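**Q** any chance you could fold what I've pasted below:
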Amino acid sequence: MNEHPRLLFTTELDGPKLLRALAQPGVLDLLAAQGYGVALMLPRFDDERTEAARLLAHHNIDVIASLCLPPEEGFAFNLQNYPRAFECYSAFHGWMRANGLRFAAVSLNIEPPLEDLSLGERPGGFVLARALLRRLWLARENILYPSAQNAYGELIVTMHLDGYEAHVFQMP
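**A** Predicted structure coming up:
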């Protein structure tokens, strides 16, 4: 039994920066030797991310497909854009199969829309606990909440049925 926690590193780098980071001497060897994994942010399914996923897998490094939206759509999934999560997963699945890639897990990042994040901020960037609790309460009152909750639950079941571990990171 492994007594050490398993570390996963997330990278938001894309394109040539991602490939340059992985090409640094010793990086892939260290990740493999220590049994670390890499969560690869996937706002797009492009050639560089395909190459990065292949490179990591070639070195027996677990790769987590971190599904997200393109920057122009706000990166994170939320109550309003939950149908996009299924679209992204479907696109991921097609890309993965077309390129012969393998992933240890799939993750989703769920956050409030960017415009909602500033509601509880005071000058200086502090978020009041009261504003956070209010946001949590209002989320349950939101007419979209039951549909979004069911859809995300169904997506996680689909991920499990496809053989993936599901990681979900949710910011209230």
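
**Q** now the residue nearest to F169 when sequence neighbours are not counted: phi and psi?
**A** Leaving aside its chain neighbours, F169 sits nearest to N109 (5.0 Å; criterion: C-beta to C-beta, 6 or more residues apart in numbering). C-beta: built from backbone N, CA, C; applies to glycine. Phi and psi for N109, reported as degrees, to the nearest 10, are phi -110, psi 120.

**Q** hang on, N109 packs against C68?
**A** Yes. With contacts counted by C-beta atoms under 8 Å, N109 reaches C68, the gap being 5.7 Å.

**Q** joint contacts of these two?
**A** Applying C-beta atoms under 8 Å, 6 or more residues apart in numbering, one finds that N109 and C68 are jointly contacted by F75, A76, F77.

**Q** for the last one, which residues make a bridge with it?
**A** Using DSSP bridges, the bridge partners assigned to F77 are I110.

**Q** counting neighbours, what do you get for it?
**A** 27 (other C-beta atoms under 10 Å).

**Q** show me what contacts the residue nearest to F169?
**A** Counting by C-beta under 8 Å, 6+ apart, N109 has contacts S66, L67, C68, F75, A76, F77, F169, M171.

**Q** who touches the third one in this structure?
**A** Read it as C68. M41, L42, P43, F75, A76, F77, C88, L108, N109.

**Q** would you map the strands across this structure?
**A** In the chain, the strands defined using DSSP state E lie at 8-11, 37-42, 63-67, 105-110, 165-170.

**Q** listing partners with orientation, what would you give for the last one?
**A** Sheet partners assigned to strand 165-170 using DSSP bridges are listed as strand 105-110 (parallel).

**Q** the partner strand vs strand 63-67, what angle?
**A** Relative orientation of strand 105-110 and strand 63-67, computed by axes from the mean of the first three to the mean of the last three C-alpha atoms, to 10 degrees: 30 degrees.

**Q** where does this structure dip in pLDDT?
**A** Residue ranges of the chain with pLDDT under 70: 1-4, 113-142, 172.

**Q** grab the most central residue of it for me.
**A** The chain has S66 as the residue nearest its centroid, 2.9 Å off, counting by C-alpha atoms, centre = their mean.
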